[in-house]
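Undergrad: Quick one, structure for this:
(chains A and B)
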Protein chains: 2
Amino acid sequence: MTKLALAADLGGTNIRMAVVDDRGEVIGDDVKLPVPAAVEPPELVVQIGEMAEKCHAKLRSRSIDWKPEVVAFTAPAPVAKDFDGVLTKLPNLPTLVGMDLKGEIEKLFGLPVFIENDATAAAIGENWIGAGRGVRNMICATLGTGIGGGIMVNGEPIRGKDGIGGEIGHICVEPNGHPCGCGSRGCVEQYASGTAIVRLASERGMNVETAKDVYQACQAGDPGAREVFLEMGRYLGMMLAGLINTLNPEMLVICGGVTEGWDAFADAIANEIRFRAYAVGAERARLVKGELGDRAGMIGAARSAFLRLN
Amino acid sequence: MTKLALAADLGGTNIRMAVVDDRGEVIGDDVKLPVPAAVEPPELVVQIGEMAEKCHAKLRSRSIDWKPEVVAFTAPAPVAKDFDGVLTKLPNLPTLVGMDLKGEIEKLFGLPVFIENDATAAAIGENWIGAGRGVRNMICATLGTGIGGGIMVNGEPIRGKDGIGGEIGHICVEPNGHPCGCGSRGCVEQYASGTAIVRLASERGMNVETAKDVYQACQAGDPGAREVFLEMGRYLGMMLAGLINTLNPEMLVICGGVTEGWDAFADAIANEIRFRAYAVGAERARLVKGELGDRAGMIGAARSAFLRLN
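TA: Numbering: from 1, shown residues only, chains lettered A, B, ... in the order given. Here you go, the predicted structure:
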């Protein structure tokens, strides 16, 4: 029998929720709402309850009997292998530090709750029914405001004892490079995230606000914008080449909003990988774009929850 | 009952052999001989037979009944998960390319033979009865002529589909840095291996031939030599910080001849890690020196063989 999960992707800006079945299908549409600024835990719990009710109503209107067995959440925070459910470090949602997310949501729904780091969940989702179907060893990089990552080794995500497994956005690619919010300098996040693309373009005198603006300038033939994407792809390739030599993965999946500009930077990634990684490893690691879009995290969280439920 | 392996560490310069039991103890001394220059496969097989006879004689002289159940070898070459025993890429032993090492040694001894990459074997050895006893997630860097690496995730070595798992010596730490034999530039091997230490010292006008010379100059108070080790430690720390953020390991084990100069560079590694890695990850990953010395590879190969025999 089909099992259902109520799955939610809690990000720094939005929360997205849907009912996901045990083959990864989203039943009905998903509900997406902004996370209120400086949201406090009780307010978030109310919002989660309301969003669930909306999901429920959507299914009811289609005469689908809604009985999830499990609730799956992502969090933009370290989620260790033996995570107890209490949020600790949340750079983008500091008002939630100390919240017992697992406990609160269990109380709200009376169902088992499982939480996964957002970028790890995206990797699990892509690995389950997305670009990485059937692949046991892959690296997933999510390019957005920052760079998140998820790593599958022998079919298992690397979470790490402290939940920082897969934080590939904070691999150094420029020893004395741009300062990073993490305290280091020259992290790849400072050269290949959406934020970085805007900065690199501004440094070249372009007047842009989003990575999309830079991509549109690139499509319109702006040589500076083109350079930005070449530089961004080169740094991303440098980081990925190191991971190829370290983990010898079968696939590299690039996700996140920035992949809209895929054709402007994919070749630069591939060229840098060919230059820097062992040839067999570079050839082995297929470079592809994620297939699940914004739903990767939600779907991956559901998968993770189903697996742990059994 | 105690099981025995005939274990050998085949390096670019030397071959080391001993009988190792299933608790990791080397029974009798080990036999070490140089690998003849441009050695051809038949010549190597003869030498392996003679060395085994020496091991046997040593045990006989101590009235130990020698009956190994398995033969364990390392090779300075990529050893994939499903390695068939035929050596392909051997930068340091090119005359052995194409040799069916597994087949030849099986014929020689009439015993099952298992082969492991040398640096991966060192990691397995240190993880079994060395510095990493009881640790399930660790990174082992072997600093010698080059930099080899072995990675344990959940107690298992990362070999990779093509055998290049753990090649952490070829992670880039300086985008436009010194050219590397692998074809890339600025690999950490070019900044923190024994060879690199000599180069960095020569660039500072020192007249040295080995990393040991540089270390002795450092101990004698030479400020240039001190700088070399600080630079070397910094680059090594940069690479390790990236792996901490990626894999969140419990331990970092540094092995190889260069560790003789441990007190000249260990602090520089630790400082760089604190600067660049997530704080919880930096704190989690204990930085230690290997404990098995030159025997790590041989002992790790034996462990790997015992595990596969069962």
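
Undergrad: other SSEs contacting the worst-scoring helix or strand of chain A on mean pLDDT?
TA: When the helices and strands of chain A are compared on mean pLDDT, DSSP states H and E, strand A:26-34 comes out lowest with a mean of 91. Contacts defined by 3 or more CB pairs under 8 Å, 6 or more residues apart in numbering or on different chains; DSSP states H and E place strand A:26-34 against strand A:14-21, helix A:41-61, helix A:296-309. Placement of C-beta: from N, CA and C, glycine included.

Undergrad: Strands of chain A, start to end?
TA: For chain A, strands defined by DSSP state E occupy the ranges A:4-10, A:14-21, A:26-34, A:70-75, A:113-117, A:138-143, A:147-153, A:156-157, A:251-255, A:286-289.

Undergrad: Ends of stretch A:91-98, what's the gap?
TA: In stretch A:91-98, first residue to last residue: 13 Å (CA to CA, to the nearest Å).

Undergrad: buried sites along that stretch?
TA: For stretch A:91-98, the neighbour count (16 or more other CB atoms under 10 Å in any protein chain shown) marks A:93, A:95-96 as buried.

Undergrad: cool, stretch A:196-203 as well?
TA: Going by neighbour count (16+ other CB under 10 Å), the buried part of stretch A:196-203 is A:196-201.

Undergrad: okay if I get the residues you listed as TSV plus pLDDT and distance to chain B?
TA: Output for those, formatted as TSV (pLDDT from 0 to 100; distance: CB to the nearest CB, whole Å):
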residue	pLDDT	distance to chain B
A:Ala196	97	15
A:Ile197	98	18
A:Val198	98	22
A:Arg199	98	18
A:Leu200	98	15
A:Ala201	98	20
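
Undergrad: Adding distance to A:Ala80, write those out as CSV.
TA: Output for the buried residues of stretch A:196-203, formatted as CSV (distance: CB to CB, whole Å):
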residue, distance to A:Ala80
A:Ala196, 28
A:Ile197, 31
A:Val198, 32
A:Arg199, 32
A:Leu200, 34
A:Ala201, 37
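
Undergrad: For my notes, please list the buried residues of stretch A:91-98 in a markdown table and give distance to chain B and pLDDT for each entry.
TA: Formatted as a markdown table, these follow (distance: CB to the nearest CB, whole Å; pLDDT from 0 to 100):
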| residue | distance to chain B | pLDDT |
| --- | --- | --- |
| A:Leu93 | 17 | 89 |
| A:Thr95 | 21 | 94 |
| A:Leu96 | 18 | 95 |
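
Undergrad: so can I have TSV of the residues you listed showing distance to A:Lys102?
TA: Converted to TSV, the buried residues of stretch A:91-98 look like this (distance: CB to CB, whole Å):
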residue	distance to A:Lys102
A:Leu93	16
A:Thr95	18
A:Leu96	13
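
Undergrad: Closest one of those to A:Met1?
TA: A:Leu96 (35.4 Å; CB to CB).

Undergrad: The closest one reaches A:Val86, doesn't it?
TA: No. Applying CB atoms under 8 Å, one finds A:Leu96 not in contact with A:Val86, separated by 10.2 Å.

Undergrad: what's around A:Met251, how many residues?
TA: For A:Met251, the neighbour count with other CB atoms under 10 Å in any protein chain shown is 22.

Undergrad: what's the distance between it and A:Cys140?
TA: Applying CB to CB, to the nearest Å, the value for A:Met251 to A:Cys140 is 9 Å.

Undergrad: and for those two, which residues touch both?
TA: Here A:Met251 and A:Cys140 have A:Gly132 as joint contacts, going by CB atoms under 8 Å, 6 or more residues apart in numbering or on different chains.

Undergrad: what's the spacing between the residue most central in space within chain A and A:Glu53?
TA: Of all residues in chain A, the one closest to the mean position by CA atoms, centre = their mean is A:Ala119, 3.3 Å from it. Separation of A:Ala119 from A:Glu53 (CB to CB): 28 Å.

Undergrad: quick one: the helices in the stretch 151-300 of chain A?
TA: Along the stretch 151-300 of chain A, counting by DSSP state H, counting those that start in this stretch, helices occupy A:189-192, A:194-203, A:211-219, A:223-247, A:262-276, A:279-284, A:296-309.

Undergrad: helices or strands up against the last one?
TA: In terms of contact count using 3+ CB pairs under 8 Å, 6+ apart, helix A:296-309 is assigned the packing partners strand A:4-10, strand A:14-21, strand A:26-34, strand A:70-75, strand A:113-117, helix A:118-129.

Undergrad: Report the angle between it and strand A:26-34.
TA: 120 degrees (axes from the mean of the first three to the mean of the last three CA atoms, to 10 degrees).

Undergrad: ditto for the second one
TA: On the basis of the same axes, to 10 degrees, helix A:194-203 is oriented at 50 degrees to strand A:26-34.

Undergrad: do the third one as well
TA: Put simply, helix A:211-219 runs at 100 degrees to strand A:26-34, going by the same axes, to 10 degrees.

Undergrad: Please provide the alpha-carbon coordinates for helix A:211-219, formatted as PDB.
TA: Provided in PDB are the C-alpha atoms of helix A:211-219 (Å, rounded to 0.1, in the frame of the first residue of the first chain):
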ATOM      1  CA  ALA A 211      22.300  36.200 -10.700                       C
ATOM      2  CA  LYS A 212      19.500  36.100 -13.200                       C
ATOM      3  CA  ASP A 213      20.300  39.700 -14.300                       C
ATOM      4  CA  VAL A 214      23.900  38.600 -14.900                       C
ATOM      5  CA  TYR A 215      22.700  35.600 -16.900                       C
ATOM      6  CA  GLN A 216      20.400  37.800 -19.000                       C
ATOM      7  CA  ALA A 217      23.200  40.200 -19.700                       C
ATOM      8  CA  CYS A 218      25.300  37.100 -20.700                       C
ATOM      9  CA  GLN A 219      22.600  36.000 -23.100                       C
END
